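K.L.:
Kindly return the folded structure for what I paste below:
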Amino acid sequence: MTICFIDSGIGGLSVFSCFLDECGRLSSFDLQKIDNIYYFADYSNSPYGAKTKEQIIQIMIANVKKMNDLFGCDFFVIACNTATACAIEILRQQYRNYTFVGIQPAIKQTLNCKGKTLVMSTSATYFYSEFVKGFKNNDNILFLPLNNLSTVIDKHYNDKDFLDCYLSKILKPFANQNICNVVLGCTHYLFIKNSIEKTLGKVKFFDSTQGVVNRIINLIKNA
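P.N.:
Numbers count the residues shown, from 1 in each chain. Take a look at the predicted model:
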């Protein structure tokens, strides 16, 4: 199999790097099943989170076709909550011979936690995800949909002072709301944990990275 990870920028590298770490635990037999691994950062269409569902679907259909045409990819990891929410079911219908693994915000992991939970995601994930919709009436869960934060992280990844300042403005309304848990509902957000805590204080972070990687490994082993 030839595996391709897709995201709008660097966010999916959080999933990609976790997968590479897990590859170190695979047997030589399982590794022989992997021909090549690619990572596609779709900067030309970034950010996904500010686009309509229809736009994201068309972008992802084109991305999958492009990577298959160029490299023969047949196993796709949609390492983006937004693209998963909007397009993964359409991709599975259109490309029935390919394998698709997506990612969703780790909201379920917080349901038995003390204190309030803040779910940070893109606006598209918030508005279009059927999974997210099931938690919107929970009084202990607050949502913060954002349009352009992923692009800001792409551009200012190495400028921690800028990110600290940018996040402080975004998160200031939540600073005194007893936020104990933060769901990182965009793979980009795993890179800004320190900036988040500078405004919200010490919180417990939740993301779906390890669960997605476990799913990928199981599919490889069972192929």
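
K.L.:
Which element is encountered next along the chain beyond the helix of greatest length in the chain?
P.N.:
Using DSSP state H, we find that the single longest helix of the chain is helix 53-71. Once helix 53-71 ends, the next helix or strand along the chain (criterion: DSSP states H and E) is strand 75-78.

K.L.:
How far away from the center of its chain is that following strand?
P.N.:
Put simply, strand 75-78 sits 12 Å off its chain's centre (Cα atoms, centre = their mean, to the nearest Å).

K.L.:
Give the other helices and strands that that strand contacts.
P.N.:
strand 2-7, helix 13-23, helix 53-71, helix 81-94, strand 99-101, helix 209-221 (3 or more Cβ pairs under 8 Å, 6 or more residues apart in numbering; DSSP states H and E). Quick note: C-beta positions are derived from backbone N, CA and C, even for glycine.

K.L.:
Could I get the buried residue list for the longest one?
P.N.:
By neighbour count with 16 or more other Cβ atoms under 10 Å, helix 53-71 contains the buried residues Lys53, Ile56, Ile57, Ile59, Met60, Asn63, Val64, Met67, Asn68.

K.L.:
does the first one really touch Thr122, like I thought?
P.N.:
The reference is to Lys53. No. With contacts counted by Cβ atoms under 8 Å, Lys53 stays clear of Thr122, the gap being 11.8 Å.

K.L.:
Quickly list the domain ranges of this structure.
P.N.:
Following automatic domain parsing, the chain resolves into domains at 2-103+209-221, 108-206.

K.L.:
Endpoints of the shortest one, how far apart?
P.N.:
Which is domain 108-206. One end of domain 108-206 to the other measures 10 Å (Cα to Cα, to the nearest Å).

K.L.:
What's the first helix or strand after the helix or strand of the chain with the lowest mean pLDDT?
P.N.:
Counting by mean pLDDT, DSSP states H and E, the weakest-scoring helix or strand in the chain turns out to be helix 28-31, with a mean of 90. Toward the C-terminus, helix 28-31 is succeeded by strand 36-41 as the next helix or strand (DSSP H and E).

K.L.:
May I have that next one as CSV, with CA atoms only?
P.N.:
Taking C-alpha atoms only, strand 36-41 is exported to CSV below (Å, rounded to 0.1, in the frame of the first residue of the first chain):
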residue,chain,number,x,y,z
ASN,A,36,5.7,4.5,0.2
ILE,A,37,4.4,7.2,2.6
TYR,A,38,3.6,10.8,1.5
TYR,A,39,2.5,13.9,3.3
PHE,A,40,0.5,16.5,1.3
ALA,A,41,0.2,20.0,2.8
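
K.L.:
For the longest helix of the chain, the averaged confidence score.
P.N.:
Mean pLDDT, helix 53-71: 98.
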